[in-house]
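# Compute the structure for the input listed below.
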Amino acid sequence: MAKARKDLRWLDLRPSVGLCDAIQSNLGLDPDMLRKASAMCDCIPRVLELVKNGAFSRVAADSDVSTLTSGLLGIYSQLQKCFLDNAFAIQDDRNKLLTTGDLSTPKGTIVVRAAEFAGSIATCVTGACDVNGIKEFFLDYLRQSQQSIADQLKSIFQPWTTNITGMHQQLESLGSSLDAVSHTSQEIQSQIKILGVPSCKNPDVCAKDALKTFNENVSKNLQLQLAIDKDKDAIPRVFSVISRMVDLIKGVEDAASTTPNIEGLVKLITDQRIKKLSDIVEILQVTKDLPNLVKDLHDQLPTVGQFVLALNQMAQASSDSIASILSDSWKQQADVMSDETRQNIISIQSKFRDQISPTIADIKTKISAIQDFVSALPFNGGAPSSKVKVASYGRWSPVAMNMPCSRWATQQYEASGFKGSFGYPQFYNCLYQETIEWPNHHIPYIKVQFV
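Here you go, the predicted model:
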């Protein structure tokens, strides 16, 4: 490899002797090789010189975008086009960035990406373009980003909206179940008043405090029903929170679909507020809207969670209390009481079994459904974190091919008694290998990490 590169004398001689023209006119090259030879004579020497001088190190995403830097990026852009036009490929590690790098999305993470851009846009970022040039370039860039971001947000928000809508529907149904509990509790409250003091048929067998204990259990359960019914007063507030969550999501969706404010962007650039390529995120409204949205949703959701948790605890306590009221031991006690008292106990048990118990079970089912919807939302845990950055991926062109090389040869001659020699360039095929690095491409993004 080293020998091959040493033999490439034409790299230095081309300007003075037109060696590339000589190569192409003297060797029988096919069209593809001619194209590559053209690149070897034009693009590659210039790129290697830039790399050798360290120019590449001055065009990273976090470096400044001075006039010098933007000029270098413009040169790189031209040379890159020369490579592609002359049958050389450009490889990259973009896929690695998406699968394991900054743009990867492990569990509990969402990433929203803007359109990617090449480093050569620095020419316009620094204001080197005229105002119309800035508008033309960035309006096109923002439109591409707008459509991409809108599609990504729609995909992210769709399951959120589905779960929030599900909460709303279950909450509406829950209100009807709470009304049913309230109505049945009032009926039982009226009936319990007429139980009176038990009259035992067999005082020796009858438990002294049986009816009193039964009444206490019933009264305790009725108090639980009243507490559950009182929680119904909180439903409008929970409805309001859920509606606000839906409105917040829709607001960000609408903003992402709105035509970008190109005049504001032009002012941002002409005021030189963008100092680095990574500052390009300043022009993307979603980088501000999405973190605020996630924070607001995280702050709103506990209102729903606390409501269903408190209601679920009371519903479970009521369910346990009903189980004690429906115990067979009360029937055994009722057998030794007066017929009227016995009938009242059986009637009350029947109301709990046939009316209140199914309603409480229905309430618990709906609470469980709401809790499932809450758990499915990614922002239901600790405070989420977000970062707004520009991810970059490397790009390079491996060059490995048989190319025309030259060396000086000596030709002896003899004419009319004179002998001598002269030197001339001799051409032959040799292996040329080199890896040309290009400035990175960049993708502005926002990453949200849920806890």
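# model confidence over stretch 268-277, on average?
pLDDT averaged over stretch 268-277 equals 68, rounded to a whole number.
# my bad, stretch 254-262
The pLDDT scores in stretch 254-262 average 79.
# Export that stretch to CSV, keeping only CA atoms.
The C-alpha atoms that make up stretch 254-262 are tabulated as CSV, following Å, rounded to 0.1, in the frame of the first residue of the first chain:
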residue,chain,number,x,y,z
ASP,A,254,-51.4,21.3,16.4
ALA,A,255,-48.3,23.3,17.0
ALA,A,256,-46.1,20.6,15.3
SER,A,257,-48.4,20.8,12.3
THR,A,258,-48.3,24.6,12.0
THR,A,259,-46.3,26.3,9.3
PRO,A,260,-42.9,27.3,10.8
ASN,A,261,-42.2,31.0,11.5
ILE,A,262,-39.4,31.5,8.9
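# So which residues make contact with that stretch?
Among residues not part of stretch 254-262, those counted as contacts by CB atoms under 8 Å, 6 or more residues apart in numbering are 135, 138-139, 142-143, 146, 149-150, 153, 283, 285-286, 289. No exception for glycine: its C-beta is placed from N, CA and C like everyone else's.
# one more time with 7 Å, if that's ok
Stretch 254-262 has contacts (CB atoms under 7 Å, 6 or more residues apart in numbering) with 135, 138, 139, 142, 146, 149, 150, 153, 285, 286, 289.
# The last one contacts residue 252, correct?
What that stands for is residue 289. Yes - Residue 289 lies in contact with residue 252 (CB atoms under 7 Å); the separation is 4.8 Å.
# buried residues in stretch 291-306?
291, 293, 294, 296, 297, 298, 300, 301, 303, 304 (16 or more other CB atoms under 10 Å).
# I misspoke; the intended subject was stretch 411-428.
Going by neighbour count (16+ other CB under 10 Å), the buried part of stretch 411-428 is 425, 427.
# again, but for stretch 180-192
By neighbour count on 16+ other CB under 10 Å, the buried set for stretch 180-192 is 180, 181, 182, 184, 185, 188.
# From the residues you listed, pick the one nearest residue 232.
Using CB to CB, residue 182 comes nearest to residue 232 of the buried residues of stretch 180-192, at 7.7 Å.
# Please look at the closest one and residue 230 and confirm they touch.
No - using CB under 7 Å, residue 182 is not in contact with residue 230, being 9.5 Å away.
# which residues sit against stretch 365-381?
The set of residues external to stretch 365-381 that reach it, using CB under 7 Å, 6+ apart, is 108, 160, 163, 166-167, 170-171, 173-174, 177, 294, 297-298, 301, 304-305, 308, 311-312, 315, 450-451.
# chain center to that stretch: distance?
21 Å (CA atoms, centre = their mean, to the nearest Å).
# Over to stretch 443-451?
Relative to the chain's own centre, stretch 443-451 is displaced by 6 Å; criterion: CA atoms, centre = their mean.
# go on, stretch 367-384?
Remark: stretch 367-384 is offset 18 Å from the chain centroid, using CA atoms, centre = their mean.
# what does stretch 349-361 give?
For stretch 349-361, the distance to the chain centre is 47 Å (CA atoms, centre = their mean).
# So what would you say the end-to-end distance of it is?
Chord length of stretch 349-361, first to last residue, is 16 Å (CA to CA, to the nearest Å).
# So which bits of it are buried?
Burial within stretch 349-361, assessed by neighbour count using 16+ other CB under 10 Å, is assigned to 349, 351, 352, 355, 356, 357, 359, 360.
# what about the first one, distance to residue 88?
When you say that, I think you mean residue 349. As defined by CB to CB, to the nearest Å, residue 349 lies at a distance of 88 Å from residue 88.
# hang on, the earlier thing: could you export the contacts of stretch 254-262 as a markdown table, including distance to residue 371?
What follows is the contacts of stretch 254-262, written out as a markdown table (distance: CB to CB, whole Å):
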| residue | distance to residue 371 |
| --- | --- |
| 135 | 51 |
| 138 | 46 |
| 139 | 47 |
| 142 | 41 |
| 146 | 37 |
| 149 | 32 |
| 150 | 32 |
| 153 | 26 |
| 285 | 34 |
| 286 | 31 |
| 289 | 29 |
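# Now that we have those, which of them are buried?
In the contacts of stretch 254-262, burial by neighbour count holds for 135, 138, 142, 146, 149, 150, 153, 285, 286, 289, counting by 16+ other CB under 10 Å.
# Show me the domain layout of the chain.
Using the TED database, the domain ranges for the chain come out as 20-108+387-450, 154-380.
# returning to that earlier point: out of the contacts of stretch 254-262, the closest to residue 246 would be?
Where those are concerned, and distances follow CB to CB, residue 246 has its nearest neighbour in residue 153, at 14.5 Å.
# And the helix ranked longest in the chain, how far out from the chain middle?
The helix that spans the most residues within the chain, counting by DSSP state H, is helix 131-192. The gap between the average C-alpha position of helix 131-192 and the chain average comes to 18 Å, counting by CA atoms, centre = their mean.
# and what of stretch 237-253?
Between the mean C-alpha location of stretch 237-253 and the chain-wide mean there is a distance of 20 Å, by CA atoms, centre = their mean.
# in that stretch, what's buried?
238, 239, 241, 242, 245, 248, 249, 252, 253.
# ok, back up a step: out of the buried residues of stretch 291-306, flag the one nearest to residue 421.
Ranked by distance to residue 421 (CB to CB), the buried residues of stretch 291-306 are led by residue 291 at 78.1 Å.
# From residue 50, how far out is that closest one?
With distances defined as CB to CB, the gap from residue 291 to residue 50 amounts to 39 Å.
# Give the rounded mean pLDDT of stretch 312-326.
Taken as a whole, stretch 312-326 carries a mean pLDDT of 92.
# Can you pull the phi/psi pair for residue 434?
Summarising the backbone geometry of residue 434 under the convention degrees, to the nearest 10, its torsions are phi -160, psi 150.
# For the remainder of this discussion, apply numbering that starts at 31.
Shifting the count to begin at 31 puts that one at residue 464.
# Restrict stretch 472-481 to CA atoms and write it as CSV.
Coordinates of the C-alpha atoms in stretch 472-481 are reproduced here as CSV (Å, rounded to 0.1, in the frame of the first residue of the first chain):
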residue,chain,number,x,y,z
HIS,A,472,-26.4,15.7,12.0
ILE,A,473,-29.9,15.0,13.3
PRO,A,474,-31.4,17.4,15.9
TYR,A,475,-33.5,15.4,18.4
ILE,A,476,-35.2,15.5,21.7
LYS,A,477,-35.1,12.4,24.0
VAL,A,478,-37.5,12.0,26.9
GLN,A,479,-36.6,9.4,29.6
PHE,A,480,-39.5,8.2,31.8
VAL,A,481,-38.8,6.8,35.3
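# pLDDT of that stretch, averaged?
Mean predicted lDDT for stretch 472-481 stands at 92.
# possible to save the buried residues of stretch 379-391 as JSON lines with pLDDT, distance to residue 75 and secondary structure?
Output for the buried residues of stretch 379-391, formatted as JSON lines (pLDDT from 0 to 100; distance: CB to CB, whole Å; DSSP: H, G, I helix; E, B strand; the rest coil):
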{"residue": "379", "pLDDT": "87", "distance to residue 75": "98", "secondary structure": "helix"}
{"residue": "381", "pLDDT": "84", "distance to residue 75": "96", "secondary structure": "helix"}
{"residue": "382", "pLDDT": "88", "distance to residue 75": "93", "secondary structure": "helix"}
{"residue": "385", "pLDDT": "85", "distance to residue 75": "92", "secondary structure": "helix"}
{"residue": "386", "pLDDT": "87", "distance to residue 75": "90", "secondary structure": "helix"}
{"residue": "387", "pLDDT": "91", "distance to residue 75": "88", "secondary structure": "helix"}
{"residue": "389", "pLDDT": "90", "distance to residue 75": "85", "secondary structure": "helix"}
{"residue": "390", "pLDDT": "92", "distance to residue 75": "84", "secondary structure": "helix"}
